[in-house]
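Q: Structure, please.
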Amino acid sequence: MDWALSWPWLALALLGAYHGLNPGMGWLFAVARGLQEGSRKAVLASLIPILIGHEASLVVVVGAAIATEELLAPPTVRLVAALVLVSVGAYRIARPRSHPRGFGMRVGVAGLAAWSFLMSSAHGAGLMLVPVLLGWPVFEAAPAANQLATVVLVSTSVHVAAMLVVMAGAALVVYQVVGLRLLRRSWLNLDLVWAASLAVAGLITMFS
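A: All right, here's what the predicted structure looks like:
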């Protein structure tokens, strides 16, 4: 197995699992809807538009990074990506409570997907994938625009698939076993961990 080709898939899956574990990415929203409707089916159904919005955010951010790489030298793109990562991470640390507003718990499917898109974008979810994908030999082997688009869709889909598995598991455990009261008392602040991870990833990208 060629490690240079295989490690990014593992990194994408692990980042997806981390996103799935973070309640700020949507599963807490799904649990709340399930509790309101008294239905486990409502919990699982809420995950679908959340994942669609997340995937759309990833495709936009990663697609923009790849398009930029076609216009600028790779070192410049990596520097820009690193600066954006550090900036977003620092902002998230300084403003941990800044989230998209205007969405209530009774929002419909389209609104939930829009909320997820905005939340994923605000949290810099796609930015963390950029250092993994930039310079990946797979992109060098797929120079045509349609081939690059396919690679972007497949890579982000692997990320979202891992996110789905973890998110569904976390939502069902909280809904059926743990309960929100215990969660409020004991949950680790994953938003802060994520913000610090963005900043660290930016520094690694900048000096690697």
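
Q: What helices and strands are in contact with the top helix by length along the chain?
A: Of all the segments of type helix in the chain, defined by DSSP state H, the longest one is helix 40-71. With contacts defined as 3 or more CB pairs under 8 Å, 6 or more residues apart in numbering; DSSP states H and E, helix 40-71 has these neighbours: helix 27-37, helix 74-94, helix 109-122, helix 125-133, helix 145-173. Every residue, glycine included, has its C-beta placed from N, CA and C.

Q: ok, how many other residues are close to Leu12?
A: Other residues within reach of Leu12 by the criterion other CB atoms under 10 Å amount to 24.

Q: Distance of it relative to Ala90?
A: Between Leu12 and Ala90 the distance is 24 Å, computed by CB to CB, to the nearest Å.

Q: right, and the helices and strands packed on helix 40-71 - which one's nearest Val61?
A: For the helices and strands packed on helix 40-71, the distance to Val61 is smallest for helix 125-133, at 2.8 Å, taking CB to CB.

Q: quick one: that closest one to helix 74-94, angle?
A: Computed with axes from the mean of the first three to the mean of the last three CA atoms, to 10 degrees, the direction of helix 125-133 lies at 140 degrees from that of helix 74-94.

Q: how about helix 125-133 as PDB, C-alpha atoms only?
A: Extracted C-alpha coordinates of helix 125-133, given in PDB (Å, rounded to 0.1, in the frame of the first residue of the first chain):
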ATOM      1  CA  ALA A 125     -14.900  22.700   8.700                       C
ATOM      2  CA  GLY A 126     -13.800  22.700   5.100                       C
ATOM      3  CA  LEU A 127     -10.600  24.600   5.900                       C
ATOM      4  CA  MET A 128      -9.300  21.700   7.900                       C
ATOM      5  CA  LEU A 129      -9.500  19.500   4.800                       C
ATOM      6  CA  VAL A 130      -7.500  21.900   2.600                       C
ATOM      7  CA  PRO A 131      -4.000  21.100   4.000                       C
ATOM      8  CA  VAL A 132      -4.800  17.300   3.700                       C
ATOM      9  CA  LEU A 133      -5.800  17.700   0.000                       C
END
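
Q: Output the contacting helices and strands for it.
A: Using 3+ CB pairs under 8 Å, 6+ apart as the contact definition, the elements that helix 125-133 packs against are helix 3-21, helix 40-71, helix 74-94, helix 145-173, helix 190-207.

Q: Many thanks, have a good one.
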